[in-house]
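Asks: Coordinates for the following, if possible.
(one chain, ligands or ions: 1)
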Amino acid sequence: MIIRPTTTNDHETIVNIAIQGWRHAYASILPATILDNLDPDQRLSARKSWFNHPEKHSFVAEIKNQIVGFCDFGISKQPELAEGEIYAIYVLKDFYNKGIGRVLMTAAFNFLQQNKVKDCIVVAFAENTPALIFYERLGFHFKQLKDTTIENKFYLEKVFYHNFVGPMEILNSKD
Ligand SMILES: CC(C)(COP(=O)(O)OP(=O)(O)OC[C@H]1O[C@@H](n2cnc3c(N)ncnc32)[C@H](O)[C@@H]1OP(=O)(O)O)[C@@H](O)C(=O)NCCC(=O)NCCS
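Replies: Numbers count the residues shown, from 1 in each chain. Below you'll find the predicted structure:
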């Protein structure tokens, strides 16, 4: 497996991985109408403009030339809580539990640390239990609850916090 910075050629693949991830991970959290109507074109154009921002970064994990996961990160959208933020991390379902998420997250941590970012947050649906366990395994601690609105409906989210206390190494995947 290799971890490398995302390029503009990766946007379409990343959007597809994110949509598959939403449909799988949020099937019991969000209404089917939302998940069925996720629009790849709209997401692609949002991603393209997101990617142009100098403080937003992204890594992909590749196995045998196939992108199997990605992690988006950068400056925190809630600077009162932390300097950095993990915006999104998604791994293809067939590749869960092989250490890919851990390696992607560690690469993001290292990047942030090298850029003198002292701490970071990540926000997840409060009901996304597997992701919450994953974040705790990666050294995050629950910080606070947060509301979010999607199509006029409230959802509860959990904000997790990670303080970078020392140098970390990129860990090998189990694959
Ligand atoms: C969350 C996600 C990124 C984890 O990726 P992954 O490659 O499967 O995770 P890893 O194999 O690197 O696991 C790292 C650690 O988390 C734990 N973990 C991962 N998934 C878990 C699960 N479903 N339940 C319990 N623990 C889990 C692993 O046991 C491992 O712990 P350990 O190394 O201490 O033994 C992946 O499941 C995913 O893409 N989920 C759907 C999208 C999503 O919910 N993203 C978060 C949005 S906020």
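
Asks: which residues are in contact with stretch 141-157?
Replies: Outside stretch 141-157, the residues within contact range by C-beta atoms under 8 Å, 6 or more residues apart in numbering are 29-31, 34, 81, 121, 123-127, 158-162. C-beta coordinates here come from the backbone N, C-alpha and C atoms, glycine included.

Asks: ChimeraX command to pick out the buried ones of these?
Replies: Buried residues within these, by 16 or more other C-beta atoms under 10 Å, are selected in ChimeraX with:
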select :29,30,81,121,123,124,125,158,159,160,161,162
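
Asks: list the contacts for residue 128?
Replies: 25, 26, 29.

Asks: now, which of the residues you listed sits nearest the ligand?
Replies: Closest to the ligand out of the contacts of residue 128 is residue 25 (3.7 Å), distances taken as C-beta to the nearest ligand atom.

Asks: Tally up the residues packed near the closest one, please.
Replies: Residues near residue 25, counting by other C-beta atoms under 10 Å, number 17.

Asks: OK, contacts around it?
Replies: 128, 130, 131.

Asks: Also residue 75?
Replies: So residue 75 contacts 55, 56, 83, 84, 85, 117 (C-beta under 8 Å, 6+ apart).

Asks: Of those, which belong to strands?
Replies: Using DSSP state E, the subset of the contacts of residue 75 located in strands is 56, 84, 85.

Asks: Which among the residues you listed count as buried?
Replies: For these, buried by 16+ other C-beta under 10 Å: 84, 85.

Asks: What about the ligand: which of the ones in strands among the contacts of residue 75 touch it?
Replies: Among the ones in strands among the contacts of residue 75, no residue lies close to the ligand (C-beta under 6 Å from any ligand atom).

Asks: Adding distance to residue 113 and pLDDT, write the ones in strands among the contacts of residue 75 out as CSV.
Replies: Output for these, formatted as CSV (distance: C-beta to C-beta, whole Å; pLDDT from 0 to 100):
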residue, distance to residue 113, pLDDT
56, 17, 95
84, 9, 97
85, 14, 98
